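S.K.: Sequence and computational prediction follow.
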Amino acid sequence: MTQPTHYHQKIQRATERLAHLQARELLANQRHEAKAREAAKREELKRRHRLADLVVSTGAHVLDDVELQALLISHMKDRAEPLH
């Protein structure tokens with residue numbers, strides 16, 4: 001029984017196919033996750049840009065950073081409805 005039987009060869013081929021399929025699925029998942037991270041990063045950059053535009057359009061860009069930060073913190077504390 002030192003020679004592989006027909007069934008052993010079939011099992012070996014099936015195992016190899018399964019390993020290849022699992023490797024392809026793993027790579028596809030990694031690509032999908034990387035694309036999702038990049039999309040989230042792009043959205044965050046767009047959001048930051050919109051916030052900067054708002055600061056400039058309201059004239060708040062003339063305030064120094066500490067003053068702007070204090071005003072925003074004060075406003076958030078005074079809001080009637082808390083953010084969730």
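M.R.: It's in. From a predicted model like this one, the values you see are computed outputs, not experimental measurements.
S.K.: drop to CA atoms for contacts and neighbour counts, all remaining ones
M.R.: OK.
S.K.: how close does Val62 sit to Pro4?
M.R.: Using Cα to Cα, to the nearest Å, one gets 81 Å for the distance from Val62 to Pro4.
S.K.: Export the lowest-mean-pLDDT helix or strand in the chain to CSV, keeping only CA atoms.
M.R.: Ranking every helix and strand in the chain by mean pLDDT, DSSP states H and E puts helix 65-78 at the bottom, with a mean of 93. Extracted in CSV, the C-alpha atoms of helix 65-78 (Å, rounded to 0.1, in the frame of the first residue of the first chain):
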residue,chain,number,x,y,z
ASP,A,65,-7.0,77.9,16.7
VAL,A,66,-7.5,78.1,20.5
GLU,A,67,-10.3,80.6,20.2
LEU,A,68,-12.0,78.6,17.5
GLN,A,69,-11.7,75.4,19.4
ALA,A,70,-13.1,77.1,22.6
LEU,A,71,-16.1,78.5,20.7
LEU,A,72,-16.9,75.1,19.1
ILE,A,73,-16.6,73.3,22.5
SER,A,74,-18.8,75.9,24.1
HIS,A,75,-21.4,75.6,21.4
MET,A,76,-21.5,71.8,21.6
LYS,A,77,-22.0,72.1,25.4
ASP,A,78,-24.9,74.5,25.0
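S.K.: Flag the shaky bits of this protein, pLDDT-wise.
M.R.: Applying pLDDT under 70 to the chain flags residues 1-2, 81-84.
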